[in-house]
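> The following block contains a protein sequence and its predicted model.
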Number of protein chains: 2
Amino acid sequence: MAASSHRAAPEHTHPDQVSVLTALSALADPVRLTLVRELAGSTEWSRSCGSFDVPVGKAALSHHFAVLRGAGLVEQRDEGPKRVNRLRRTEFDARFPGLLDLVLHTPDPNP
Amino acid sequence: MAASSHRAAPEHTHPDQVSVLTALSALADPVRLTLVRELAGSTEWSRSCGSFDVPVGKAALSHHFAVLRGAGLVEQRDEGPKRVNRLRRTEFDARFPGLLDLVLHTPDPNP
DNA sequence: CCGAGTGTTCGATGAAAATCATACACTCGC
DNA sequence: GCGAGTGTATGATTTTCATCGAACACTCGG
């Protein structure tokens, strides 16, 4: 039979149901910004939650991924014991054109 | 002689010195989002701080304008006893192309 | 020179959000 | 079925942020 997880599938919010305020709030955090950027530079479904280089414990990390899911930014799927991620580029771009590009390609000012 | 204020001129931050995180954080607040939107629909320098329809006291309002100034979103000038505002559209657009348009023209999802 | 109008500053308060430590749930290789 | 690896849930702590009230500063018209 098909290999399937007995674990509860994570709840996802489609970008179309996300308000501007929620989208901005989700991105207005240094840790989540790092996650999104690192995710954008990786192949889809290639990164598990624990594979990101952020200075927080795994509980906080789990929380941040929940926020990103709720903002329609990230999709997750269970793969064995790991939960792998994908940036919802096309869907999010359709809802908020240019926002991801901006966040990904705008360099910080010189101090 | 030229009419001049003896009041301390407000400190302004140019959008070029603003980080993505700061810009997003400034916009990720319901009150400030309202201010920016209302400002976008008005003639430049036509709105004093107190002329906005937001449900906060004047102390909080003053704080929000300080944040908007710090994010390079708003420019202020003293005009008599009032402090009048202007949305820094061109400059902010040059630094964060599309962000203001997005914030101003993206409708909220149907509940 | 007063008084009304307008904003800012300060200190305190309260609510929201991030974080942690711990305990739990699930998957898989051995 | 154990045990390691991975992520979630819960509860407590901390930090951050928005807010308010009151006091203060400035401008202008009388």
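Perfect, thanks for sending it.
> switch to C-alpha atoms for all contacts and neighbour counts from now on
Fine.
> Quick check: A:Asp29 touching B:Ala23?
No: the criterion here is C-alpha atoms under 8 Å, and A:Asp29 misses it with B:Ala23 at 11.2 Å.
> Settle it for me: which of those two has more neighbours?
B:Ala23 (22 against 16; other C-alpha atoms under 10 Å in any protein chain shown).
> Following element in sequence after the helix or strand where the more buried one lies, please.
Following DSSP states H and E, one finds B:Ala23 within helix B:20-27. Next along the chain after helix B:20-27, taking DSSP H and E as the criterion, comes helix B:30-40.
> who touches the residue lying closest to A:Leu99 once chain neighbours are set aside in this structure?
Distance criterion C-alpha to C-alpha, 6 or more residues apart in numbering or on different chains; nearest residue to A:Leu99, sequence neighbours excluded, is B:Leu99 at 6.6 Å. Residues near B:Leu99 by C-alpha atoms under 8 Å, 6 or more residues apart in numbering or on different chains: A:98-99, A:102, B:93.
> swap the cut-off to 10 Å and go again
B:Leu99 sits next to A:96-99, A:102-103, B:23-24, B:27, B:92-93 when contact means C-alpha atoms under 10 Å, 6 or more residues apart in numbering or on different chains.
> Residues of chain A that sit close to DNA strand C?
Applying C-alpha under 7 Å from any atom of the strand, one finds that chain A approaches DNA strand C through A:3-8, A:26, A:29, A:31, A:55-61, A:63-64, A:79-81.
> so A:Asp93 makes contact with A:Leu100?
Yes: here A:Asp93 reaches A:Leu100: they are 6.8 Å apart, a contact under C-alpha atoms under 10 Å.
> from the contacts of B:Leu99, which is closest to DNA strand D?
For the contacts of B:Leu99, the minimum distance to DNA strand D (C-alpha to the nearest atom of the strand) is 8.7 Å, reached by B:Leu27.
> Run a quick neighbour tally on the closest one.
26.
> Contact partners for it?
Residues near B:Leu27 by C-alpha under 10 Å, 6+ apart: A:20-21, A:24-25, A:28, B:33-36, B:67-68, B:71, B:73, B:99-100, B:103.
> With that, I have no additional questions.
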